[in-house]
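> model this:
(chains A and B)
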Amino acid sequence: DAKTTQPTSMDCAEGRAANLPCNHSTISGNEYVYWYRQIHSQGPQYIIHGLKNNETNEMASLIITEDRKSSTLILPHATLRDTAVYYCIVSPYSGGYQKVTFGTGTKLQVIP
Amino acid sequence: GAVVSQHPSRVICKSGTSVKIECRSLDFQATTMFWYRQFPKQSLMLMATSNEGSKATYEQGVEKDKFLINHASLTLSTLTVTSAHPEDSSFYICSALIPNRSPRGYTFGSGTRLTVV
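Numbering: from 1, shown residues only, chains lettered A, B, ... in the order given. Coordinates of the predicted model:
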């Protein structure tokens, strides 16, 4: 079973920030939070990952709560090309061997 | 870096025939690869884990004799759907564990859309 829960769908206006929440209340100390997205009929694409500190890269920012039980992926200026299903996943450690189980994800629709 | 190439992207086959899907790691050695299946409007479901040089580990409910996985080299894993039937029509995706030189964890192929007619 997936260890994360996410809203089924969200809308965001083009140019605005998209904030996608994820609950991972049973996360353990050695588990990272990963975010992937899947554009229609493509394979998932890595976005960002983190352990406990907030992270930022060229695609997004990841905010992890202090208790690590939830996180938020932020797309600062959403574009139409960001329309996709976003998956939040927890996995033991970066690069470690652990099969990845996908939940249902959040379908983000960016609206013109 | 850490690119996985999956081929073919689309395939249509007749019921009862077999189809092979290839997954290649282009710039790294993939000792572990994963195979997923995705039905329309559903999430990815893990089918099996393949390790180079050993037998694949299948998830519960996945028929190992129907979905043959071979991981004979560090850069290639194949999934063969044997005696395909229309209910096997789905989107199949492979994934590889990236070696520790990268922080990204896993990389995914672009998927194969299988249609059995």
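> I figured residue B:113 hits residue A:40, correct?
No. Distance between residue B:113 and residue A:40: 11.4 Å, which falls outside the contact criterion (C-beta atoms under 8 Å). For every residue, glycine as well, the C-beta is placed using N, CA and C.
> Of the two, give the one with the bigger neighbour count.
Applying other C-beta atoms under 10 Å in any protein chain shown to residue B:113 and residue A:40 shows that residue B:113 carries more neighbours, namely 15 against 7.
> residue closest to the middle of chain A?
In chain A, the centroid-proximal residue (C-alpha atoms, centre = their mean) is residue A:35; its distance is 3.4 Å.
> what residues are up against the residue nearest to that residue when sequence neighbours are not counted?
Leaving out its chain neighbours, the residue that sits closest to residue A:35 by C-beta to C-beta, 6 or more residues apart in numbering or on different chains is residue A:47, at 4.3 Å. Residue A:47 is in contact with A:35, A:36, A:37, A:57, A:59, A:60, A:73, A:86, counting by C-beta atoms under 8 Å, 6 or more residues apart in numbering or on different chains.
> and if you look at residue B:96?
By C-beta under 8 Å, 6+ apart, the neighbours of residue B:96 are B:2, B:4, B:23, B:25, B:28, B:30, B:32, B:33, B:34, B:77, B:106, B:107.
> Listing partners with orientation, what would you give for the helix or strand containing it?
For residue B:96, the host element (DSSP states H and E) is strand B:90-97. Strand B:90-97 pairs in its sheet with strand B:32-38 (antiparallel), strand B:106-108 (antiparallel), strand B:112-116 (antiparallel), by DSSP bridges.
> How are the strands of the chain distributed by residue range?
All of this is about chain A. Using DSSP state E, the strands of chain A run over A:9-13, A:18-23, A:32-38, A:45-50, A:55-56, A:61-64, A:70-75, A:84-91, A:106-111.
> other chain: chain B
Under DSSP E, chain B gives strands at B:4-7, B:10-13, B:19-25, B:32-38, B:45-51, B:57-58, B:67-73, B:76-81, B:90-97, B:106-108, B:112-116.
> pLDDT wise, what is the residue in chain B positioned nearest to chain A at?
Closest to chain A within chain B is residue B:108: 3.7 Å, counting by C-beta to the nearest C-beta. Note on residue B:108: pLDDT of 93.
> Pairing-wise in the sheet, spell out the partners of it.
With DSSP bridges as the rule, residue B:108 is bridged to residue B:95.
> Chain A against chain B: which residues are in contact?
A:32, A:34, A:36, A:38, A:41-46, A:49, A:87, A:91, A:94-95, A:97, A:99-105 (C-beta under 8 Å from any C-beta of the partner chain).
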